[in-house]
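[1] Could you look at this predicted model? Sequence included:
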Amino acid sequence: MTTSRDTSSDITLLSAAAAVDAIERGELSAGELFEAYRAAAAGDELNAYLWVADEAPAPAGQDAPLRGVPLAVKDLFCTEGVPSQAGSKILEGYRPPYTATVVAKLAAAGAPLLGKTNQDEFAMGSSNENSAFGPVLNPWDRARVPGGSSGGSAAAVAAGSAPWALGTDTGGSIRQPAALCGIVGLKPTYGTVSRYGMIAFASSLDQAGPLTRDVTDAALLLKQMVGHDNRDSTSIGFPGEIELPRSGSLKGIRLGVPEELSGAGVGIEGGVLDAFNATLKLAESLGATVETCHLPHAPHALSAYYVLAPAEASSNLARYDGVRYGRRVENGGLVGMYTKTRSEGFGREVKRRIMLGTYSLSSGYYDAYYGRAQRVRTKIADDFRTAFAEFDFVVTPTAPSVAFELGAKTSDPMSMYVNDYCTVPMSLAGIPAISIPNGLSDGLPTGFQLCGPAFSENRMLEAAYALEQATGFEATGARIHA
Amino acid sequence: MIDREQVLHVARLARLELTEDEVARMSAELSDVLGHIEKIGELDLDGVPPTTHVVEVSNALRPDEIEPSLPCEVALANAPAVAGGGFLVPSPQADADPS
Amino acid sequence: MTATAEFEPVIGLEIHVQLSTKTKMFCGCALSFGEPSNTLTCPTCLGLPGTLPRANAKAIHFGLMIGLALGSELAPRSIFHRKNYFYPDLPKGYQISQYDEPLCRGGQLGDVRIHRVHLEEDAAKLVHAGSSGRIHGSDASVVDFNRGGTPLAEIVTEPDVRSAAQAREWLTLLRTTLRQLGVSDVNMEEGSLRCDANISIRPVGSTALGTKTELKNMNSFRYLERGVNAEIARQETLLRSGGHVVQETLHFDPQTERITSLRSKEEAHDYRYFPEPDLVPVSTSDEMLAAARAAMPELPAAREERLQSLGISAASARQLAWRTELGDYFEAALAAGNPPVGAPIQPLANWVCNDLVRRVGEEDPNASQVTPAALAKLVGLVSEKALTVSNARLVLDRLVADGGDPAAIVEALGLGAMGGGDDVLDPLVDAALAANADAAEKIRSGNMKAIGAIIGHVMRETKGRADGAEVTRIVRHKLGL
């Protein structure tokens, strides 16, 4: 996308909701829109895509609510006959014989598959540098990371090569790249969206969600994603329906600002904090009250997360053994084949987490690590319950910094892990959270995170919409850079 | 701290083969991460129940009804090696002494 | 330990039972009965990325029935765990099983206490393919996932078994119980019932437990008994020669009767159990309990008790109760014969347990030519003294071979007992005494054994239709005894 655009006729500048309306009114053809995005995705220079559709699939029914507006899907969602590699060499070229429930649901709702987006390998990472297929570049500054692990989805939406995208969030993997790319990312309540067909990272935390240009698009996509799936035992669906937000007011809304996640000494970058505080002021001007609140166990969330998620991952990734699918490297006997296949197939970060998880589950360490981390998880969920007795939403900066430079944190795992500091507590509690862009710091977007009690998506979307209207962040801002 | 021997033991459990450099790096990195993680040891968690699932549902049971299976060729389509309608693997018996 | 010390074996059993559900434990694939390999698989039981397990309600139902049958405590809440290890027959790199919160705890069957019952998924089948040359010329195996994911109930006993014979006998009772429940085919040869034994020995009188070994792969009742005996003998020899038993997993080869160590590198086993995050807890609801209770048939132990209360001997009651099909046959015959209240029914039990079993062997008598009604009629003829016991056995032979009506066979062969009147038997006895003067003399002098010759003579003359007891009475009368 190096050529400048004629914004008056560029249909890819339409938000997804606007495109749905235009198609509905007969002002735009779904086929034309698909082709425009297909061309944009095929011409992507950010390495955001790992696969792009050759042609538009057969259109869903006339009444399909999403009217054929195409969808970019994170690589780890299984798509029948289409490469689904979870960003890993161990699954290079893997084409599943079935499609993930949520992708099938969205296709049936009129959002056909546009392409598969790049990601950190098995969703482990916060910069997209852990992809076996190379890093994704941030459309705001190609020397910087887009965040991760849903970095390809975030970059594609921000750069305009997809109207919207699916991502997954385990500890911040939707919200953090959304923040770093200046778009909206929503992690729903755990269990509202089926996990069937999502290549697992950490089963008790993984949740699919939308990455979109604005809050309305997020609501529109989420509406078609939620629902009970009897293929997923942990699926509970959503009580009622997701509504499109309409109100521009925050009147009477009580926002809690947790000292533990936004106070001094937490390590949040100045520019990010400035934007955060400006948004709080704006919220007050819209009728919200803003007060400090406490999540006493939140500082331990990252520790608990880095026990639980790697432990589950170490088990979830045991199936990559070179027997039934994926890469296989022969090396003498069976054990030799296993170890060679896995050692060559997995990247460094994945191996690190498998080691960490295997260690914390191993004989003699379970109680000290896994058992304790599960109890910390209980305390963190309790903290949120207590906070929500007093506040409608808890708000934090989404990420402690704006997009950092490629390679800046790859040598030190801990420095990378702290990117999840503000997003992990909600993941552990299983509650919904949304990140909306709330400004720029040194020309790079910052993110503002709202979270609410389980199943509060509708109220959360309303509040986010109100803030979005007031901040006036330009959803297509990244394109002047990309 | 996680020492070289522990790294090798865990790698064996996880069926990973590490080079000497990787063993050293893994030992340092995991020790660093575990150093942070061990702070949860300071919390008083007596009597706190563990959370396995954030949303407490139970009995997500499936009726005992047959669903279609995959044709054999589809089941085997992604296999790196097949023979006689099955997935071909090096024989476990050949690893008399797995180490 | 002195060389003369007497040892006592302490044995606990671990039984894996394939449940007779229609579908697998965690997916909708049909269970396999010898279909071509890898034709009963789906993304879930192949462990494809992104797939999730869904627990089979019927398997839980069967698990609860087993718990009820064994008198276990049924957990109000149980959960699944992952047992992590690598093996080609394990597609996910972990087996979904239960760990510290199983479906059932405790219980007792016969003289053996139950430790726990839990549910899990079976492994796939790994077939050694020989040296295929395809993998650097080394040995290869082929994996068939048809069996993978079959629901299993694992029943673990307390170490209450004291001999190989007891192990075999108890496993028979368990098999009958499970068959009666209808939860499994319980066929050891086909692998739907598998038994491992944890075996240790200790000096008689000691209460401490010795080091145990786990003996696997005893795929028939005979091998179980032989394997356990072989391991007890091995441990005794070891201890008597001053050695000590090493805790390990052993394999019994029924061909050679040799015991070999499976894996001495047990240290490599660290299963890293943790709660399966893809499954939610099983809460045993009142409805589930009621459904399990409603599905319970009469179990062997209860049947044994009931049969005894009907006046059947302890030995016959056990035989009839522990061999379900025999008990069913007996009860059908009893109903068909419709004996008057208070009439002894032990004779019928004897005919079923002894004469019939001797003729049909291990076969199901219900599938034989002899209908329960026919046997009841035959036994009725005997008790009415219309047929002698030995002729009744001839009739039974005929029934087993061709079926039919016992009365018609008696008629056709002219085997009916002679009328009891002295008019008929008197001249026959006189002739017999005359023809066997030596025997008559011996009887007179008190040697009653000699009466056999007289009776034999009468039987020959009457083709066995005479009543032996009647003949004896007449002989004694004539000889003035």
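    Yep, it's here. Residues are numbered from 1 along each chain as shown, chains lettered A, B, ... in the order given.

[2] quick one: what helix or strand has C:Ala123 in it?
    When elements are assigned from DSSP states H and E, C:Ala123 belongs to no helix and no strand.

[3] Can you get me a residue count around it?
    As a burial measure, C:Ala123 scores 19 neighbours (other Cβ atoms under 10 Å in any protein chain shown). C-beta coordinates here come from the backbone N, C-alpha and C atoms, glycine included.

[4] For the residue nearest to it when sequence neighbours are not counted, the count of nearby residues, please.
    Computed as Cβ to Cβ, 6 or more residues apart in numbering or on different chains, the closest residue to C:Ala123 that is not its neighbour in sequence is C:Asp89, at 4.1 Å. If you count neighbours by other Cβ under 10 Å, C:Asp89 ends up with 19.

[5] Let me see the ranges of the helices in the stretch 251-400 of chain A.
    Taking DSSP state H, counting those that start in this stretch, the helices of the stretch 251-400 of chain A run over residues A:259-262, A:270-285, A:301-316, A:334-345, A:348-361, A:372-390.

[6] Quick check: which of these is buried the most?
    Ranked by mean neighbour count, the helices of the stretch 251-400 of chain A are led by helix A:301-316 with a mean of 28 (mean count of other Cβ atoms under 10 Å in any protein chain shown).

[7] could you dump that helix to CSV, C-alpha only?
    The C-alpha trace of helix A:301-316 is given here as CSV (Å, rounded to 0.1, in the frame of the first residue of the first chain):
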residue,chain,number,x,y,z
ALA,A,301,-1.4,-12.0,38.4
LEU,A,302,1.6,-12.2,36.0
SER,A,303,3.3,-14.8,38.2
ALA,A,304,0.1,-16.9,38.4
TYR,A,305,-0.4,-16.5,34.7
TYR,A,306,3.2,-17.6,33.9
VAL,A,307,2.6,-20.8,35.9
LEU,A,308,-0.9,-21.7,34.6
ALA,A,309,-0.6,-20.8,31.0
PRO,A,310,2.8,-22.6,30.3
ALA,A,311,1.6,-25.6,32.3
GLU,A,312,-1.5,-26.0,30.2
ALA,A,313,0.5,-25.3,27.1
SER,A,314,3.1,-27.9,27.9
SER,A,315,0.3,-30.5,27.8
ASN,A,316,-1.7,-28.9,24.9
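
[8] who in chain B is up against chain C?
    Neighbours of chain C within chain B, by Cβ under 8 Å from any Cβ of the partner chain: B:12-13, B:15, B:52-53, B:57-72, B:75-76, B:81, B:83-94, B:97-99.

[9] Next up, the contacts around the closest residue to chain A within chain C.
    Closest contact between chain C and chain A, by Cβ to the nearest Cβ, is at C:Gly93 (2.4 Å). Contact partners of C:Gly93, counting by Cβ atoms under 8 Å, 6 or more residues apart in numbering or on different chains, are A:Ser315, A:Leu317, A:Ala318, A:Arg319, A:Asp321, C:Gly47, C:Asn84, C:Tyr85, C:Phe86.

[10] Looking at these, spot the one nearest chain B.
    Proximity of the contacts of C:Gly93 to chain B (Cβ to the nearest Cβ) peaks at C:Phe86, which lies at 5.4 Å.

[11] so which residue of chain B comes closest to chain C?
    Taking Cβ to the nearest Cβ, chain C has its nearest neighbour within chain B at B:Glu67, 2.9 Å off.

[12] quick one on the thing from earlier: of the contacts of C:Gly93, which are in range of chain B?
    A:Ala318, A:Asp321, C:Phe86.

[13] before we move on, back to that, my read: the residue nearest to C:Ala123 touches C:Val127, true?
    No - with contacts counted by Cβ atoms under 8 Å, C:Asp89 stays clear of C:Val127, the gap being 10.0 Å.

[14] between those two, what contacts are shared?
    The contact lists of C:Asp89 and C:Val127 share C:Val143, where a contact means Cβ under 8 Å, 6+ apart.

[15] show me the contacts for residue 145.
    Went with chain A since none was named. A:Val145 neighbours (Cβ under 8 Å, 6+ apart): A:127-129, A:135-136, A:138, A:151, A:180, A:403-406, A:408.

[16] if you could check chain C rather than the one you did, that'd help
    C:Phe145 makes contact with B:Ala75, B:Phe87, C:Asn38, C:Leu40, C:Thr41, C:Cys45, C:Leu46, C:Pro91, C:Ala124 under the criterion Cβ under 8 Å, 6+ apart.

[17] Mind picking the two most distant members of these?
    Across the contacts of C:Phe145, no pair lies farther apart than B:Phe87 and C:Leu40, at 14.4 Å, counting by Cβ to Cβ.

[18] nearest to C:Ala431, of the contacts of C:Phe145?
    Closest to C:Ala431, out of all of the contacts of C:Phe145 and judged by Cβ to Cβ, is C:Leu40, at 75.6 Å.

[19] For that closest one, give its distance to chain B.
    Distance from C:Leu40 to chain B, counting by Cβ to the nearest Cβ, to the nearest Å: 5 Å.

[20] So for A:Ala264, what's the pLDDT?
    Per-residue confidence for A:Ala264 comes out at a pLDDT of 75.

[21] number of nearby residues for it?
    Neighbourhood size, A:Ala264 [other Cβ under 10 Å]: 8.

[22] Please apply the same query to C:Pro36.
    C:Pro36 - counted by other Cβ under 10 Å - has 12 other residues nearby.

[23] For the residue nearest to it when sequence neighbours are not counted, which phi and psi angles does the backbone take?
    With sequence-adjacent residues excluded and distances taken as Cβ to Cβ, 6+ apart, C:Pro36 is closest to B:Gly85, at 6.1 Å. The phi/psi pair for B:Gly85 (degrees, to the nearest 10) reads phi 70, psi 10.

[24] and B:Gly85, what pLDDT?
    With respect to pLDDT, B:Gly85 has a value of 94.

[25] how far away is it from B:Pro71?
    11 Å (Cβ to Cβ, to the nearest Å).

[26] and if you look at A:Val52?
    With Cβ to Cβ as the criterion, A:Val52 and B:Pro71 are 29 Å apart.

[27] Check C:Ala233 too.
    According to Cβ to Cβ, C:Ala233 stands 51 Å off from B:Pro71.

[28] which ones are touching the closest residue to chain B within the stretch 1-150 of chain A?
    In the stretch 1-150 of chain A, the residue found nearest to chain B is A:Pro97; the distance is 5.2 Å by Cβ to the nearest Cβ. By Cβ under 8 Å, 6+ apart, the contact list for A:Pro97 reads A:Glu80, A:Gly81, B:Leu70, B:Val74, B:Ala77, C:Pro43, C:Leu48.

[29] Give me the neighbour count for the last one.
    For C:Leu48, the count of nearby residues is 26 (other Cβ under 10 Å).

[30] Please name the residues that touch it.
    Counted by Cβ under 8 Å, 6+ apart, C:Leu48 has contacts A:Cys78, A:Pro96, A:Pro97, A:Tyr98, A:Arg324, A:Tyr325.

[31] secondary structure element for it?
    C:Leu48 belongs to no helix or strand when assigned by DSSP H and E.
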